[in-house]
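Peer 1: Provided below for reference: sequence and predicted model.
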Amino acid sequence: MNAYLFATGRRRLSAHDSGDDQQHYFCDTEPPNHAAHRRGFIVILIVVGVAAGVALIGGVLQGFSDMGAAFPNGSALLEAASWDKFFAGFGRVAALIFVVAAVVVVTRWRRRKAKRIAVPKQ
């Protein structure tokens, strides 16, 4: 089965091909471009990271704003609504800090686990 191969840009044709592309219409005969896929994935990660950072900063600022506006004067220290507003802002800030800390702990744990698996003890 000797078949001559001709390079034709996007796909390779054999001398035995009839030229009818209908049977191979959905076939991708080029090797995947791993570098381009990786660049696209990195761009997606950067966009998601920037969006997460903006959301995190906005949430923390909103929480501090709620905490700061809870007590406009000294007599507000005795009102339950002021304390509700203060703890709502405090809860928002605490939740965001807890999420960031959990992500850091899990990331460090997974890296250490991967390092232990990659380098077995001798």
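Peer 2: Perfect, thanks for sending it. Remember, predicted model here, so these are calculated numbers, not experimental data.
Peer 1: tell me the buried residues in the longest helix seen in the chain?
Peer 2: Looking only at the chain and at elements set by DSSP state H, the helix with the highest residue count is helix 80-118. Residues Ser82, Lys85, Phe86, Gly89, Arg92, Val93, Leu96 are the ones in helix 80-118 that count as buried (16 or more other Cβ atoms under 10 Å). Yep, even glycine has a C-beta here, placed from its N, CA and C like the rest.
Peer 1: in contact with Gly59, which residues?
Peer 2: With contact taken as Cβ atoms under 8 Å, 6 or more residues apart in numbering, Gly59 is in contact with Arg92, Val93, Leu96.
Peer 1: tabulate those in CSV, adding columns for pLDDT.
Peer 2: Rendered in CSV, the data for these read as follows (pLDDT from 0 to 100):
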residue, pLDDT
Arg92, 92
Val93, 93
Leu96, 91
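Peer 1: so which of these comes closest to Arg38?
Peer 2: Leu96 (30.7 Å; Cβ to Cβ).
Peer 1: any weak-confidence spans in the chain?
Peer 2: 1-29, 120-122 (pLDDT under 70).
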